[in-house]
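Participant: mind looking at a prediction? Sequence and model below.
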Amino acid sequence: MQLPSIEGLIVLPTHHTAAAIVAKTVAIAQARGITVFANIDFSGDAARSQLTLRPTALVILGNPAAGTPVMAAAQTTAIDLPLKILAFEDAQGRTWVAYNDPAYLQRRHGFSDALMKNLAPIGKLAEAVASAD
């Protein structure tokens, strides 16, 4: 199954479970000095409310030294920052890693090319967590 294309979202396939992606994201982020602000287990929250949701989790992370200049230049980026890594399992049991494309965020909020370097690490992080060990 191929996921539908969603503007501004980069989606990578992975062989890891959503729970493993969360653990890898937290571990790699912390090793790289990236702050993990929160992780949300949507499927666990759903189960606690007697609802069913395939494994779906979100890690909210960033670096205030990198994100603050972006928000200072275009305050509306605060709706999209801190950055996020989404791990989810589709109806066929495949797991995916998704994140907002920094280029899309730039088009959406109009910050300068010079600030793109502040958001670029999200791509390398997502690739690292999605990759096989």
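Facilitator: Structure's in. What do you need? Just so it is clear, the structure is predicted and the values come from calculations on it, not from any experiment.
Participant: show me what contacts V129?
Facilitator: By C-beta atoms under 8 Å, 6 or more residues apart in numbering, V129 lies in contact with T14, H16, I21, K24, T25, I28, I85, V97. C-beta: built from backbone N, CA, C; applies to glycine.
Participant: in which helix or strand would I find it?
Facilitator: helix 121-130 (DSSP states H and E).
Participant: contacts made by the one helix or strand K24 maps to with the rest, please.
Facilitator: If you go by DSSP H and E, K24 is part of helix 18-31. The contact list for helix 18-31, computed with C-beta under 8 Å, 6+ apart, reads 14, 16, 35-36, 39, 41, 43, 55-57, 59, 61, 85, 87-89, 95, 97, 125, 128-130.
Participant: buried ones among those?
Facilitator: By neighbour count, with 16 or more other C-beta atoms under 10 Å, the contacts of helix 18-31 hold 14, 16, 36, 39, 41, 43, 55-57, 59, 61, 85, 87-89, 95, 97, 125, 129-130 as buried.
Participant: just these: which are in helices?
Facilitator: Using DSSP state H, the subset of those located in helices is S43, L125, V129, A130.
Participant: what's the closest non-adjacent residue to the first one?
Facilitator: Leaving aside its chain neighbours, S43 sits nearest to L53 (4.4 Å; criterion: C-beta to C-beta, 6 or more residues apart in numbering).
Participant: the one you found: what secondary structure?
Facilitator: coil (DSSP: H, G, I helix; E, B strand; the rest coil).
Participant: centroid residue for this structure?
Facilitator: I85 (1.7 Å; C-alpha atoms, centre = their mean).
Participant: pretty sure that one is touching V97, no?
Facilitator: Yes: using C-beta atoms under 8 Å, I85 is in contact with V97, at 6.4 Å.
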